[in-house]
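Trainee: Dropping the sequence and predicted coords here.
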Amino acid sequence: MWKWLHPYAKGEATFRLLGAWLPWLSGLALILVSVGLVWGLFYAPPDYQQGDSYRIIFIHVPAAMFSMGAYTGMAIAALIALVWQIRTAEWAIAAIAPVGAVLTFVALFTGAVWGKPMWGTWWEWDARLTSELILLFLYIGVLALYYAFNDARTGAKAAAILSLVGVVNVPIIHFSVYWWNSLHQGATITKFSKPSMPPEMLIPLLISIAGFLFLTAALITQRLRNEILKQELHRPWAMQQLGVEANNGVQ
Amino acid sequence: MAFNSWQEIIWMDGYGFYVWLSFGVSILAVGLLVVHGLLTRKTLARMAVQEQQRQQRLARRKQQERSRSKSTNDSTS
Amino acid sequence: MSVVIETKQLTSVRAGRTLFSSLSLQLCAGEILHVEGPNGAGKSTLLRIIAGLLSPQEGQVLLFGQPQYEDPELWQRNTLFIGHKPAVKAELTALENLHYQSQFDGAEDVDAWHLLETVGLLGLEDLPAQQLSAGQQRRIALARLWYSTAPLWILDEPFTALDSRGIKLLHERFQHHIDQGGALLLTSHQPLTWSGERLQKIRIEPHDEALGYE
Amino acid sequence: MNNASTWRILKTLMRRDLAVALRRRSDVINPLLFVLIVVTLFPLAVGPGPDILGRIATGVIWVAALLSALLGSERLFRDDFLDGSLEQMVLLPAPLPALALGKIVVHWLLSGLPLVILAPLCALLLKLPFEAWGTLMLTLLVGTPMLSAMTAVGAALTVSLGRGGALLSLLLLPLFIPLLIFAAAAVESTLVGTSAYGQVVLLAGLMLLTLTLAPLAVAAAIRVSVN
């Protein structure tokens, strides 16, 4: 029934709402990320085992968290798009996927760089890193499928189906990779599971996590706004937003 | 402050390269994403201009047709 | 006359372009509706929406007064759709194709040999369909019409690739169908040789709502 | 709704697909030959010593199976899409997921099942110790239906694209990972003398899950593709 409510005003209303949020989201993201990272980099004490190399955690952990979180969000958007046929949800897939992919890349890259001083190798088939790598492939798959079709609507629907198939598989993949990892190298210490972190480290980490939450939201909002404009380009309001006066035909 | 000098901050107990590489590439990646979003907006503005021109062409054509049909109607009546 | 199919305020947008908006039509038993319009106007889209392959942006389609999504099986049993592509398997013979098709349609006692002769494929019954011409493949697909009991036929360009005898044959079949109280919805660039009140026409024009025409 | 007619339509669909496939035997045989050739290449690449080959045998056979599944995936819906049978399938008065399951079953009969039968030959070529042959075949028997089902999802999503080949591998291969891990682990545990029961049961569970959910995804994807 949502479908029947203001089908034309909807894109515009969503666009304006997102526009109202965007400054707040980006502002909070900028402040919190800066505070979290500066604190983590310069003020938090060094780790007694890993020295200063552990400071990568302040980027790695939030990025890893929201790389998974964004995928879940994308799958929820996909479900809404398929069940209720809401177009904004279809566009949200295209907005979330690149953000999620970049976060996944960041988690993967920082994890690998961290691995070098820890394990002496740039790439270790660690369960978390392997999961992130597979997640990156899943994101790329969704993006590739989205843009493979000439008709944007068809591409969005296909990508939505794929996201849902993916989200069913993510826990299975996750479990299988962890299980496989324990099978092959049960003895290695996992660097991520800190039983107790002193508050001087935990607080900046939590701030950084909060910052990444807003960062993710702000990035998605920016891209979703673009996506709405792109799909509604022929409508007068969208052209006005882009600084062009629409030609409303002959009077 | 866990460090006493700039050198210490950069050196990071020997881990400086890894820490700064991680932070640098991460910030670069997110920055590129933001820039890409802004560039997309620019491209959209260009597409909007094209759309406007297309609409104008169609409108002009429609007006021509309308005035022509009006004139033929006038002459027959 | 009883209304077979009815559309209310249909709107379709494909690839950002509005093909038609607020399209309402009615088709009664014993009538033919010819959908006309230039290339790309959305004739095929309209037919595919009515057949249930596509969903419209807005509006609804009613078959015997029932909306499409309420009972898809009722819908599928009472309509017959043949699109641009004949749905003929190239690896199978004409006979096998017709056999499987009639099984799908739930037609029990179809005399496939006789039917193929009727549609002008005598002597070609057991050749793989890939050895037949486009028009002959089309005849295999159209053979469905000779046993179909579906009240509504939806045919997208049924005359494509047919020769004049094929066209005449098809016309006769259509006449039979509407005489029996069936309804027929079709697109065609061929002029239809019908006259009288049984033939309705609807024209879809390219349409740009962003300009505020109409 | 009407079970008798659904069943009749499903049977007709499967019979027709089998008939078509039997007319195009090379489509069935080529993926199997592909597996055989990949298996032949490995001893040439890593050396014919039984210790190395035995260790990598399961992995090689399974990876070859995954790749051949991709290779044969076009057969599932491509021709149907091009000749219009796919849109007619959507319009049949039967639930589309049931028909999708029918297509998956036919595909498995012609790709998965022959692979299970071919497995001993591959195991022989790769010098897999004899005691693990049974487990290998069992994992293939349980795993290949999943392979067919997932392939069907990918094929249905990409069928309307002209050349979906590379895209299809990108979409599907990450989803095959759990299958690969558990299948390899099952054979591995047989080799070290422990029971493979747990892994095989896990695989069977995954197979049931996949066979329940995949037809729904395939049906949704077909509806999008015939657009």
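Mentor: Yep, that arrived.
Trainee: could you point out where chain B is predicted with low confidence?
Mentor: Low-confidence segments of chain B (pLDDT under 70): B:72-77.
Trainee: could you redo the last one with a cut-off of 80?
Mentor: Applying pLDDT under 80 to chain B flags residues B:1-4, B:6, B:9-14, B:69-77.
Trainee: Spell out which parts of it neighbour chain C.
Mentor: Contact residues, chain B versus chain C (C-beta under 8 Å from any C-beta of the partner chain): B:55, B:58, B:59, B:62. In this view, the C-beta of every residue, glycine as well, is placed from N, C-alpha and C.
Trainee: if I look at residue D:47, how far off is chain B?
Mentor: According to C-beta to the nearest C-beta, to the nearest Å, residue D:47 and chain B sit 38 Å apart.
Trainee: what about the residue in the stretch 151-251 of chain A positioned nearest to chain B, how many residues close to it?
Mentor: Nearest residue of the stretch 151-251 of chain A to chain B (C-beta to the nearest C-beta) works out as residue A:242 at 3.9 Å. Residues lying near residue A:242 (other C-beta atoms under 10 Å in any protein chain shown) number 20.
Trainee: before we move on, back to that, dump the residues of chain B next to chain C into TSV; add secondary structure and neighbour count as well.
Mentor: Shown next, in TSV, are the residues of chain B next to chain C (DSSP: H, G, I helix; E, B strand; the rest coil; neighbours: other C-beta atoms under 10 Å in any protein chain shown):
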residue	secondary structure	neighbour count
B:55	helix	21
B:58	helix	18
B:59	helix	18
B:62	helix	15
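Trainee: Please convert the residues you listed to TSV, extending it with distance to residue C:180.
Mentor: Shown next, in TSV, are these (distance: C-beta to C-beta, whole Å):
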residue	distance to residue C:180
B:55	49
B:58	46
B:59	49
B:62	45
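Trainee: about what we covered before: from residue B:57, how far off is the residue nearest to the residue of the stretch 151-251 of chain A closest to chain B when sequence neighbours are not counted?
Mentor: Using C-beta to C-beta, 6 or more residues apart in numbering or on different chains and skipping residues adjacent in sequence, the residue nearest residue A:242 is residue B:48, 3.9 Å away. Residue B:48 sits 15 Å away from residue B:57, taking C-beta to C-beta, to the nearest Å as the criterion.
Trainee: excluding its backbone neighbours, what's nearest the spatially most central residue of chain C?
Mentor: Centroid check for chain C by C-alpha atoms, centre = their mean gives residue C:155 as the closest residue, at 1.6 Å. Nearest residue to residue C:155 in three dimensions, chain neighbours excluded: residue C:186, at 4.3 Å (C-beta to C-beta, 6+ apart).
Trainee: Surely the one you found is in a helix?
Mentor: No. Applying DSSP: H, G, I helix; E, B strand; the rest coil, one finds residue C:186 to be strand, outside a helix.
Trainee: What residues are bridge-paired with it?
Mentor: Beta-bridge pairing of residue C:186 under DSSP bridges involves residue C:34, residue C:155.
Trainee: Do you know the pLDDT at it?
Mentor: With respect to pLDDT, residue C:186 scores 87.
Trainee: does it really touch residue C:160, like I thought?
Mentor: No. The criterion here is C-beta atoms under 8 Å, and residue C:186 misses it with residue C:160 at 11.4 Å.
Trainee: Comparing those two, which shows the higher neighbour count?
Mentor: residue C:186 (22 against 14).
Trainee: To what extent is residue A:138 buried, counted in neighbours?
Mentor: Neighbour tally, residue A:138, other C-beta under 10 Å: 28.
Trainee: correct me, but it touches residue A:71?
Mentor: Yes. Using C-beta under 8 Å, residue A:138 makes contact with residue A:71 at a distance of 7.1 Å.
Trainee: Quickly list what's touching both of the two.
Mentor: Taking C-beta atoms under 8 Å, 6 or more residues apart in numbering or on different chains as the criterion, residue A:138 and residue A:71 both touch A:166, A:170.
Trainee: mind showing which ranges of the chain have poor pLDDT?
Mentor: Reading this off chain A. Ranges of chain A meeting pLDDT under 80: A:1-10, A:47-51, A:119, A:124, A:126-127, A:181-197, A:234-236, A:243-251.
Trainee: My question was about chain C, not that one.
Mentor: In chain C, residues with pLDDT under 80: C:1, C:13-22, C:38-41, C:68-73, C:108-109, C:190-201, C:203-214.
Trainee: OK, now which residue of it is nearest to chain D?
Mentor: Counting by C-beta to the nearest C-beta, chain C gets nearest chain D through residue C:85, at 2.7 Å.
Trainee: Is that residue in a helix, a strand, or coil?
Mentor: Applying three-state DSSP: residue C:85 is coil.
Trainee: My read is that it contacts residue D:86, right?
Mentor: No. Residue C:85 is beyond contact range of residue D:86, at 9.0 Å (criterion: C-beta under 8 Å).
Trainee: between those two, which one's more packed in?
Mentor: Using other C-beta under 10 Å as the criterion, residue C:85 and residue D:86 rank with residue D:86 on top: 22 against 19.
Trainee: List the residues that contact the more buried one.
Mentor: Neighbouring residues of residue D:86 by C-beta under 8 Å, 6+ apart: D:77, D:80, D:159, D:222, D:225, D:226.
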